[in-house]
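> I need the structure of the sequence given here:
(chains A, B and C)
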Amino acid sequence: MSWTEERVETLKRMWAEGQSASQIAKELGGVTRNAVIGKVHRLGLSNRAASGTSEPTADTSDTAAPAAAATPEAQPAAAPSPRPAAAQGDTGPARAEARPAATAPTAAAESCATTTDAPAVPQPRAVSETPAAPPSRKPVPGQPLPPQPSAGEISPEALASVRETEKRARRLSLMELTERTCKWPIGDPATEHFWFCGLPAVQGKPYCEAHVGVAFQPMSARRDRRR
DNA sequence: CCCTGATTCGC
DNA sequence: GCGAATCAGG
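Prediction:
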């Protein structure tokens, strides 16, 4: 793979948006994040509003003016101060280049997007799978709320597996989630008793084995169980 | 451990 | 110019 104009353009755009080097590399394909970083430096576009876990670097003095290091083309695009955190994160076939200016209002229990993909609700993989009831919390703190998934829609075996699994949950916080940790929420968000499963997620899925089992079910299975 | 960007240096 | 290896850090 070589740095064609198109690829460089994508690189510039994503970098300006605050995407991480690894994300850009993933998007471009055929290159590593090292290659991306190397290119970024060679292009002269380097410092931007920090990244990952870095600090905002408070400009204690005067006029700000970052003074970009001799960057030929001006970047009238968006200022990368706030976490861009665009949707993305899906190496699927058809990718939409849509980039809403304003963040869409998310559901109640939030689901903010980190730099990687968002720990949100399951995204049905089209075909015959369909999300079967991500835990819907009851606004009553203090109660254990036994069956995570709304019972009745999940097979007893899967439910038992989930129960067992959740005892071993890593209990990660929202910020500790990564692409390879199970993002299944456990507990009541309104209480201290809330965390994410955090066990190793199945490749390509947002959940661990057990939670995938209750999150994704064949439509037929659901239909049969209903009513 | 996961991740981030920065730098070096042989190619 | 390129990018793997390495470094420095959260």
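> Show me how chain A divides into domains.
A:5-43, A:156-225 (the TED database).
> any idea how far residue A:186 is from residue A:201?
Using CB to CB, to the nearest Å, residue A:201 is found at 14 Å from residue A:186. For the C-beta atoms, the positions are set from N, CA and C on the backbone; glycine is no exception.
> same thing with residue A:20?
28 Å.
> more neighbours, the two?
In terms of neighbours (other CB atoms under 10 Å), residue A:186 is the more surrounded of residue A:20 and residue A:186; the figures are 21 against 17.
> Pretty sure the more buried one sits in a strand.
Yes - judged by DSSP: H, G, I helix; E, B strand; the rest coil, residue A:186 forms part of a strand.
> Bridged to it, which residues?
residue A:195 (DSSP bridges).
> per-residue confidence for it?
Per-residue confidence (pLDDT) for residue A:186: 89.
> Can you name the element that comes right after the lowest-mean-pLDDT helix or strand in chain A?
The weakest-scoring helix or strand in chain A, judged by mean pLDDT, DSSP states H and E, is strand A:129-131 (a mean of 44). Moving toward the C-terminus from strand A:129-131, the next helix or strand (DSSP states H and E) is helix A:156-167.
> Could you give the average pLDDT over that next one?
Helix A:156-167 comes out at a mean pLDDT of 83.
> mind saving the C-alpha coords of the helix or strand containing residue A:36 as PDB?
Per DSSP H and E: residue A:36 is located in helix A:33-42. The C-alpha trace of helix A:33-42 is given here as PDB (Å, rounded to 0.1, in the frame of the first residue of the first chain):
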ATOM      1  CA  ARG A  33      -0.600   2.800  13.200                       C
ATOM      2  CA  ASN A  34       3.100   3.300  13.200                       C
ATOM      3  CA  ALA A  35       2.900   4.000   9.500                       C
ATOM      4  CA  VAL A  36       0.200   6.500  10.100                       C
ATOM      5  CA  ILE A  37       2.000   8.300  12.800                       C
ATOM      6  CA  GLY A  38       5.200   8.300  10.700                       C
ATOM      7  CA  LYS A  39       3.200   9.800   7.800                       C
ATOM      8  CA  VAL A  40       1.500  12.300  10.100                       C
ATOM      9  CA  HIS A  41       4.900  13.600  11.200                       C
ATOM     10  CA  ARG A  42       6.300  13.700   7.700                       C
END
